[in-house]
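Asker: Could you work out the structure for the sequence below:
(one chain, ligands or ions: 1)
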Amino acid sequence: MSDNENQKPEDMSSDEERREIEEFNRKHHKFVEFTKKVGVKDECPCCGQSVNKIFLGYRSQMPVVPVSTLGKYYPAYAGACTNCGFVSTFFAPVVDKKIQEDESSE
Ligand SMILES: [Zn+2]
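Answerer: Residues are numbered from 1 along each chain as shown. Coordinates of the predicted model:
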């Protein structure tokens, strides 16, 4: 999904759509802060390029790491390298815990 698909013109968005887009953008912002804080390297682990990553997700839907074919999964945050497409995936409970710790210390 490109960023453009998350943003509709103002008059086409219902309140719920707008809230979901704001929440998605908030998650993206917090995730970027998290990666800087814990020292995630800018370089892609696959191609070595220092490029921006595409934050994956759509509105309230976020990536997951499947555990089985039965639908069990781990919640995740993920970003795709804009050079080679390699997807870096982060275990959401760890990310969310760090974000919460930061928010409560602000
Ligand atoms: Zn790459």
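Asker: Stretch 59-79: end-to-end distance?
Answerer: Criterion Cα to Cα, to the nearest Å; first-to-last residue distance in stretch 59-79 is 15 Å.
Asker: and the protein, which residues reach the ion?
Answerer: Contact residues, the chain versus the ion (Cβ under 5 Å from the ion): 44, 46, 47, 81, 83, 84, 86. Any C-beta I mention is one placed from the backbone N, CA and C, and that applies to glycine too.
Asker: Just the buried residues of these.
Answerer: Buried members of these, scored by 16 or more other Cβ atoms under 10 Å, are 44, 81.
Asker: Dump the residues of the chain next to the ion into a markdown table; add secondary structure, distance to residue 17 and pLDDT as well.
Answerer: Converted to a markdown table, the residues of the chain next to the ion look like this (DSSP: H, G, I helix; E, B strand; the rest coil; distance: Cβ to Cβ, whole Å; pLDDT from 0 to 100):
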| residue | secondary structure | distance to residue 17 | pLDDT |
| --- | --- | --- | --- |
| 44 | coil | 32 | 96 |
| 46 | coil | 34 | 96 |
| 47 | coil | 35 | 97 |
| 81 | strand | 29 | 97 |
| 83 | coil | 31 | 96 |
| 84 | coil | 32 | 97 |
| 86 | coil | 30 | 97 |
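Asker: Turn the residues of the chain next to the ion into a markdown table, including distance to residue 100.
Answerer: Formatted as a markdown table, the residues of the chain next to the ion follow (distance: Cβ to Cβ, whole Å):
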| residue | distance to residue 100 |
| --- | --- |
| 44 | 28 |
| 46 | 30 |
| 47 | 33 |
| 81 | 28 |
| 83 | 32 |
| 84 | 32 |
| 86 | 28 |
